[in-house]
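>>> Got a predicted structure here, sequence first:
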There are 2 protein chains.
Amino acid sequence: MKTAVLGTGMVGRTIAARLAELGHAVTVGTRDPQATLARVEADAMGTPPFAAWSEQNPAVKVASFSDAAAGAELIVNATNGGASLEVLAQAGAKNIDGKIILDIANPLDFSKGMPPTLFVKDTDSLGEQIQRAFPGTRVVKSLNTMNADLMARPGQLTDPGTVFVSGNDAEAKAVVAGLLKDFGHQDVIDLGDITTARGTEMLLPVWLRLWGALGTPAFNFKIVR
Amino acid sequence: MKTAVLGTGMVGRTIAARLAELGHAVTVGTRDPQATLARVEADAMGTPPFAAWSEQNPAVKVASFSDAAAGAELIVNATNGGASLEVLAQAGAKNIDGKIILDIANPLDFSKGMPPTLFVKDTDSLGEQIQRAFPGTRVVKSLNTMNADLMARPGQLTDPGTVFVSGNDAEAKAVVAGLLKDFGHQDVIDLGDITTARGTEMLLPVWLRLWGALGTPAFNFKIVR
């Protein structure tokens, strides 16, 4: 499948590499490809420059948000939650309409110190904001409840745990569930329409505290029943 | 241990019966014991009248909030989240100071329709509100992430899953963790101080959607790692 991954951070890179490894045609979208590839220093989070990663992943193309989206059937939103709506606007409604948006971002607000809070919650969600802003798209919220390594390779854990999907379009959710299985996810729970993304986005506060308590991000939620 | 369970709903009854079964001296606290025992009809939630339950559980005493609290070493807050602060005030600071408050309530707001939202979240929590309002107590937030049957008998599930504790007092958390093990909980994660209750209280929105998606409340969160 032709896929675009919007976002060049660790999450976008990890998902893009995994999609390429599974045989998908992947283009990473970024605001300004030349500027992104010209950067030679690690960013504020300590992430190594994108160009080095790109050299190691020659199968993954790099393009502007709009070019990446235009050529894709499925678009992964791997941007920071606070930038997601603006990035999708840059990608262009005409380039994303009718397509599946796999939204893996979280509405984290770092402006009030650590741990981050959520800039939308409880009565609305980032997934819903995206669906409302781009009504022609088919938004599926998923994967946002675990760290990037486990999103792409849940089999690292003896028990991979559970992954959730939320969205209004059954066919889009089925396509995403297929991808998730290819990634190695075994237990996919369909929570319902996109409003159920409120539930999974609100998992982030306990996820952050679990990271602190366990001393590692290598854990996942599993629904035992 | 001498325990008081504040609240006569299904959650309070289930916890009280389990504590009594395990050999603890249990008193259920209610606003007006005579009125509570005089009720003969099911409440709005369909819960049978308390008197019938009380007859079947003769080992569990019934008293006012203040009398129940005065005689207890550990107090379980099993009231509705919206009533918790007022109920603890009725119990009386002098009757609860120095004691462990096992807070199993959730800050559910039913005023905006279903599913309920949370009346406090993200930058504060019900657990913290209780600790601030009654600084002489030792609040431990726990058990609020599963339904009452599983709180008391997690062994009903093949894999009982995880239970979390949050609180400022290490000794109080150790006492609660011991009780949880007696209930049948095997995986107890100490998330840290009482501010980490923000995380577990914010699990409720996804819990409610999982209940809908799975068609049963007989499930629990497990942290696989």
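In hand now; what should we look at? Numbering: from 1, shown residues only, chains lettered A, B, ... in the order given.

>>> Can you give me the buried ones in stretch A:18-33?
By 16 or more other C-beta atoms under 10 Å in any protein chain shown, the buried positions in stretch A:18-33 come out as A:Arg18, A:Leu19, A:Ala20, A:His24, A:Ala25, A:Val26, A:Thr27, A:Val28, A:Gly29, A:Thr30, A:Pro33. Any C-beta I mention is one placed from the backbone N, CA and C, and that applies to glycine too.

>>> Just confirm the second one is within a helix.
Yes. Counting by DSSP: H, G, I helix; E, B strand; the rest coil, A:Leu19 is found in a helix.

>>> Now it: closest residue in space that isn't a chain neighbour?
Once flanking residues are discounted, A:Leu19 sits nearest to A:Val26: 4.8 Å by C-beta to C-beta, 6 or more residues apart in numbering or on different chains.

>>> How about the contacts made by the one you found?
A:Thr3, A:Ala4, A:Val5, A:Ala16, A:Leu19, A:Ala20, A:Ala59, A:Val60, A:Lys61 (C-beta atoms under 8 Å, 6 or more residues apart in numbering or on different chains).

>>> quick one: it is in a strand?
Yes. Under three-state DSSP, A:Val26 falls within a strand.

>>> gap between it and chain B?
28 Å (C-beta to the nearest C-beta, to the nearest Å).

>>> And the residue nearest to the spatial centre of chain A, how far from A:Gly161?
Centroid-nearest residue in chain A: A:Ile104, 2.8 Å away (criterion: C-alpha atoms, centre = their mean). Distance from A:Ile104 to A:Gly161, counting by C-beta to C-beta, to the nearest Å: 16 Å.

>>> Now find how far off-centre stretch A:194-205 is within its chain.
Taking C-alpha atoms, centre = their mean, to the nearest Å, one finds the center of stretch A:194-205 at 14 Å from the center of the full chain.

>>> now stretch A:16-28
Stretch A:16-28 has its C-alpha centroid displaced from the chain centroid by 14 Å (C-alpha atoms, centre = their mean).

>>> ok, which pair from the contacts of A:Val26 is furthest apart?
A:Ala4 and A:Ala59 (14.3 Å; C-beta to C-beta).

>>> before we move on, back to that, quick check: beta-bridge partners of the residue nearest to A:Leu19?
Beta-bridge partners recorded for A:Val26 (DSSP bridges): A:Thr3.

>>> do the same with A:Gly167
With DSSP bridges as the rule, A:Gly167 is bridged to A:Val140.

>>> show me what contacts it?
Applying C-beta under 8 Å, 6+ apart to A:Gly167 gives the contacts A:Gly127, A:Arg138, A:Val139, A:Val140, A:Lys141, A:Lys173, A:Val176, A:Asp193, A:Ile194.

>>> Kindly recompute the last result at 7 Å.
A:Gly167 makes contact with A:Arg138, A:Val139, A:Val140, A:Lys141, A:Lys173, A:Asp193, A:Ile194 under the criterion C-beta atoms under 7 Å, 6 or more residues apart in numbering or on different chains.

>>> what ranges do the helices span in chain A?
Along chain A, the stretches classed as helices by DSSP state H are A:10-21, A:33-38, A:50-56, A:65-70, A:84-91, A:93-96, A:126-133, A:148-152, A:170-183, A:197-201, A:204-214.

>>> With respect to burial, which of those scores highest?
Highest mean neighbour count of those: helix A:197-201, a mean of 29 (counted as mean count of other C-beta atoms under 10 Å in any protein chain shown).

>>> can you list contacts of that one?
For helix A:197-201, contacts defined as C-beta under 7 Å, 6+ apart pick out A:106-107, A:118, A:121-122, A:125-128, A:141, A:144-145, A:164, A:166, A:191, B:205-206, B:209.

>>> Can you show me the CA trace of that helix as CSV?
In CSV, the C-alpha atoms belonging to helix A:197-201 read as follows (Å, rounded to 0.1, in the frame of the first residue of the first chain):
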residue,chain,number,x,y,z
ALA,A,197,-10.5,8.3,21.1
ARG,A,198,-11.2,10.3,24.2
GLY,A,199,-10.7,7.1,26.2
THR,A,200,-7.3,6.1,24.7
GLU,A,201,-5.9,9.7,24.6
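
>>> Averaged pLDDT, it. What do you get?
Mean per-residue pLDDT for helix A:197-201: 98.

>>> Stretch A:205-221 now?
98.

>>> What are the contacting residues of it?
Against stretch A:205-221 from outside (C-beta under 7 Å, 6+ apart): A:115, A:145-147, A:150, A:154, A:156-157, A:160-162, A:203, B:122, B:189-192, B:196, B:198-200, B:202-203, B:221, B:223-225.
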